[in-house]
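> Curious how this folds, go ahead:
(2 chains)
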Protein chains: 2
Amino acid sequence: MADGAGGKASRRLVEGTIVPLLGDAWKGTLADSAVLDIGPGRLAMTTDAFVVRPLRFPGGSIGELAVNGTVNDLAMAGAGPVALVAALVIEEGTAVETVEAELRALGEAAGRAGVPVVGGDTKVVEHGKGDGLYVSTTGLGRVLEGVALGPDRVREGDRVLLSGPIGDHGITILLARGEVDLEADLRSDSRPVWPLVRPLLEEDPGAVRWLRDPTRGGVASALNELARDRGLAVVLEEAAIPVREPVRGACELLGLDPLHVANEGQFLAVVAPGAADRLLDRLRSIPGGEGAAIVGTLREGPARAVLAETPYGGTRIVDLLEGDPLPRIC
Amino acid sequence: MADGAGGKASRRLVEGTIVPLLGDAWKGTLADSAVLDIGPGRLAMTTDAFVVRPLRFPGGSIGELAVNGTVNDLAMAGAGPVALVAALVIEEGTAVETVEAELRALGEAAGRAGVPVVGGDTKVVEHGKGDGLYVSTTGLGRVLEGVALGPDRVREGDRVLLSGPIGDHGITILLARGEVDLEADLRSDSRPVWPLVRPLLEEDPGAVRWLRDPTRGGVASALNELARDRGLAVVLEEAAIPVREPVRGACELLGLDPLHVANEGQFLAVVAPGAADRLLDRLRSIPGGEGAAIVGTLREGPARAVLAETPYGGTRIVDLLEGDPLPRIC
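Below you'll find the model as predicted:
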């Protein structure tokens, strides 16, 4: 508890442990605020609390997820990341090695995403008042010029682009908890998506109408929000949606719809119909974008609904998630 | 738990409860990021996790503190707040009324501080994995033109200005926990200090060298950091330091030094000696600044130390806090 009290132990923790572990990603001072000189243009700002359980899982960990989740939210506004801050809530008694590993993961992920960590805060709570470590990250980004995104930009006939296979993150977390008797060769898809998004926006900023990363609630929730906000229907071609075999198998066994399962390294883009094939080719040409696909179309009706056309000619309604199959997946 | 899963319940929580409770302070959209057009100039950015216990106390609450603490960190960089985001970690089973009251407090505090809330996030953790509510807030501010603050700007002979009586917040929290058998007519000093700081900076930006809000670790920690960073001594005139009678009494009974007790609505300013009296007068002329005082001077030695000259002609060393008399005071 002394580490969080703002005195000598806090100072030792911050200067002796946290800052060195963040490595080259640390560009802050130890003042109350970071001062940034980032030039003109529109800014994007986003915040997220990360409470994923377990803290480490195949393909990622809370420190890494906290960076990727935040820079991905910036990317969905058409913004490249320019600064990141992190606030840690550490449960008393958490192994020092655990906290150190996550700070290192946070610093490395920030390095990979190309975003400086400019500030942070650490609080310690009593044993039994937390769960090891919670991380809240806030990102600041610069919006690319000429980008205009939002549900109001979406038109009937627009196509829905998906960057790659879905459900990897949610199913990985579920299996990592060991609560279901199932094994699969699967890793979280956690990664920064800006290197995939940016070339699309630079290729044809006007043709990209709406972006969303399908995290909690999955693709179904993201598209239902779009359908509702825009008053159109999203019609998915179920056979075109990329799902890895282990995810499909686990979902069948557990009675889950992959469209409801969380992702941490994929994004949905609604694009102008005439540009869809070209943008798909562009996305597939980028490392990490090989699995991208056109998965659906915006239709006039049924308004505010998401439908999936099955390979057998049927149609089903893809609803928002009701209840909670997978708590604390990010 | 369903409220945090990203599906229907989450959407209901955010649209039906959170946004209306924030009131006029809410200026966000429900997209992944807020997009801001804040014009040219240097920006300040700061983040803090708030884990104060109890959630409500005389003079404030966690939602209100989360705003004031964050805008005050911006003020310490010479920045007026332009945007705020908040991430909530709610413990399963926390009364809806509790969360609602804090969202309302957060919105009202943002309104008083004149800062729009542009985004947020909500996570729910299982019962026993939190403590009601934790709030992480991040603020973005615009630095006033001509302001240059930092330990490197501090010179020997500079004076230390304190905005008002110290220790109110820490002692209020301690008493609110009911763990010590003591009563006092006392409230937290939680408030935004920018209305006090801004006129000083506008009066004479060059004369204000360093600003710090003495939160965790109190005035002693803040000045020890300055002494260490700058390699000078800070010599306090103990009799000049404003401390309310209930705080002084509680500290004597509990063996605490008021200089180690946290504040949430005061600030320290190191100012040029020739401007000190004028800036003190200016500060005292502002509502809420009546209790300000000049409390110390920067001296060449003993380097990196904070000393207090007692009314009886003695001198004592004011060290950084060792150990933790008051955990989770913010």
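
> Which helix or strand contains the one residue in the stretch 151-300 of chain A that gets nearest to chain B?
Per Cβ to the nearest Cβ, A:R216 is where the stretch 151-300 of chain A lies closest to chain B, at 2.4 Å. (C-beta placed from N, C-alpha, C; glycine too.) A:R216 is part of no helix or strand, with elements assigned from DSSP states H and E.

> Give the buried residues for the longest helix that chain A contains.
Of all the segments of type helix in chain A, defined by DSSP state H, the longest one is helix A:96-113. By neighbour count on 16 or more other Cβ atoms under 10 Å in any protein chain shown, the buried set for helix A:96-113 is A:98-99, A:101-113.

> so what does that helix touch, helix or strand wise?
Contacts defined by 3 or more Cβ pairs under 8 Å, 6 or more residues apart in numbering or on different chains; DSSP states H and E place helix A:96-113 against helix A:19-22, strand A:60-61, helix A:62-75, strand A:79-91, strand A:117-125, strand A:133-143.

> quick revisit: wouldn't the residue of the stretch 151-300 of chain A closest to chain B be in contact with A:I329 here?
Yes: shown here, A:R216 and A:I329 form a contact pair, counting by Cβ atoms under 8 Å, at 6.8 Å.

> Which neighbours do the two have in common?
Residues touching both A:R216 and A:I329 (Cβ atoms under 8 Å, 6 or more residues apart in numbering or on different chains): A:A262.

> Could you check how far A:A49 is from chain B?
Counting by Cβ to the nearest Cβ, to the nearest Å, the gap from A:A49 to chain B is 4 Å.

> same deal with A:W26?
Counting by Cβ to the nearest Cβ, the separation of A:W26 from chain B is 14 Å.

> A:V125 too?
A:V125 is 5 Å from chain B, where distance means Cβ to the nearest Cβ.

> Which residues are in contact with the spatially closest residue to that residue that is not a sequence neighbour?
Spatial nearest neighbour of A:V125, excluding adjacent residues (Cβ to Cβ, 6 or more residues apart in numbering or on different chains): B:V51 at 5.3 Å. B:V51 sits next to A:V89, A:K123, A:V125, B:D131, B:Y134, B:R328, B:C330 when contact means Cβ under 8 Å, 6+ apart.

> Quick check: B:V51 vs B:I173, distance?
Using Cβ to Cβ, to the nearest Å, we find B:V51 at a distance of 12 Å from B:I173.

> Find the nearest non-adjacent residue to A:I90, please.
Counting by Cβ to Cβ, 6+ apart, A:I90 lies nearest to A:V124, which is 5.0 Å off, once chain neighbours are set aside.

> Spell out which parts of the stretch 101-250 of chain A neighbour chain B.
Residues of the stretch 101-250 of chain A lying close to chain B by Cβ under 8 Å from any Cβ of the partner chain are A:118-126, A:128-131, A:134, A:136, A:138-141, A:143, A:150, A:212-213, A:215-218, A:221, A:225.

> These, buried ones only, as a ChimeraX selection?
Buried members of these, defined by 16+ other Cβ under 10 Å, are picked up in ChimeraX with:
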select /A:118,119,120,121,122,123,124,125,129,130,131,134,136,138,139,140,141,143,150,212,213,215,216,217,218,221,225
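
> where in the stretch 201-330 of chain A is pLDDT low?
Counting by pLDDT under 70, the stretch 201-330 of chain A contains low-confidence ranges at A:323-325.

> can you pull out the strands in it?
Secondary structure of the stretch 201-330 of chain A, counting by DSSP state E, counting those that start in this stretch: strands at A:208-212, A:233-237, A:268-271, A:293-299, A:306-309, A:315-317.

> Please identify the deepest-packed of these.
Burial of these is given as mean neighbour count (mean count of other Cβ atoms under 10 Å in any protein chain shown); strand A:268-271 ranks first at a mean of 26.

> State the paired neighbours of that strand in the sheet, together with their directions.
strand A:159-162 (antiparallel), strand A:208-212 (antiparallel) (DSSP bridges).

> Can you add distance to A:G41 and give those strands back as TSV?
What follows is these, written out as TSV (distance: least, Cβ to Cβ, whole Å):
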stretch	distance to A:G41
strand A:159-162	26
strand A:208-212	18
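
> what's around the closest residue to A:E102 other than its chain neighbours, how many residues?
In this structure, A:E102 finds its nearest non-sequential neighbour in A:G63, 3.5 Å apart by Cβ to Cβ, 6+ apart. Close neighbours of A:G63, defined as other Cβ atoms under 10 Å in any protein chain shown, add up to 29.

> wait, doesn't A:G63 sit right on A:E100?
No: the pair A:G63 / A:E100 is not scored as a contact, 9.9 Å apart, by Cβ under 8 Å.

> export the strands of the stretch 201-330 of chain A to TSV and tack on distance to B:A276?
Output for the strands of the stretch 201-330 of chain A, formatted as TSV (distance: least, Cβ to Cβ, whole Å):
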stretch	distance to B:A276
strand A:208-212	53
strand A:233-237	65
strand A:268-271	58
strand A:293-299	65
strand A:306-309	66
strand A:315-317	71
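
> and B:T70, which of these is closest to it?
Nearest of the strands of the stretch 201-330 of chain A to B:T70, taken as Cβ to Cβ: strand A:208-212 at 27.8 Å.

> circling back: give me the pLDDT for the residue nearest to A:I90.
A:V124 carries a pLDDT score of 94 in this model.

> can you check A:G7 too?
pLDDT for A:G7: 59.

> does A:T29 count as helix, strand or coil?
Three-state assignment for A:T29 (DSSP: H, G, I helix; E, B strand; the rest coil): coil.

> Distance check, it against B:L88.
Where B:L88 is concerned, A:T29 sits at a distance of 28 Å (Cβ to Cβ).

> what does A:C251 give?
From A:C251 across to B:L88, the span is 30 Å (Cβ to Cβ).

> cool, A:P273 as well?
Relative to B:L88, and taking Cβ to Cβ, A:P273 is found at 40 Å.

> what about those two, which has more around it?
A direct count of neighbours by other Cβ under 10 Å for A:P273 and B:L88 places B:L88 higher, at 25 against 15.

> Let me see the contact set for that one.
B:L88 makes contact with A:A49, B:V99, B:G120, B:D121, B:T122, B:K123, B:L133, B:Y134, B:V135 under the criterion Cβ under 8 Å, 6+ apart.

> what's the span of stretch A:148-167 from first residue to last?
28 Å (Cα to Cα, to the nearest Å).

> Same question for stretch A:119-133.
End-to-end distance for stretch A:119-133: 18 Å, by Cα to Cα.

> do stretch A:303-319 as well
From its first residue to its last, stretch A:303-319 covers 13 Å (Cα to Cα).
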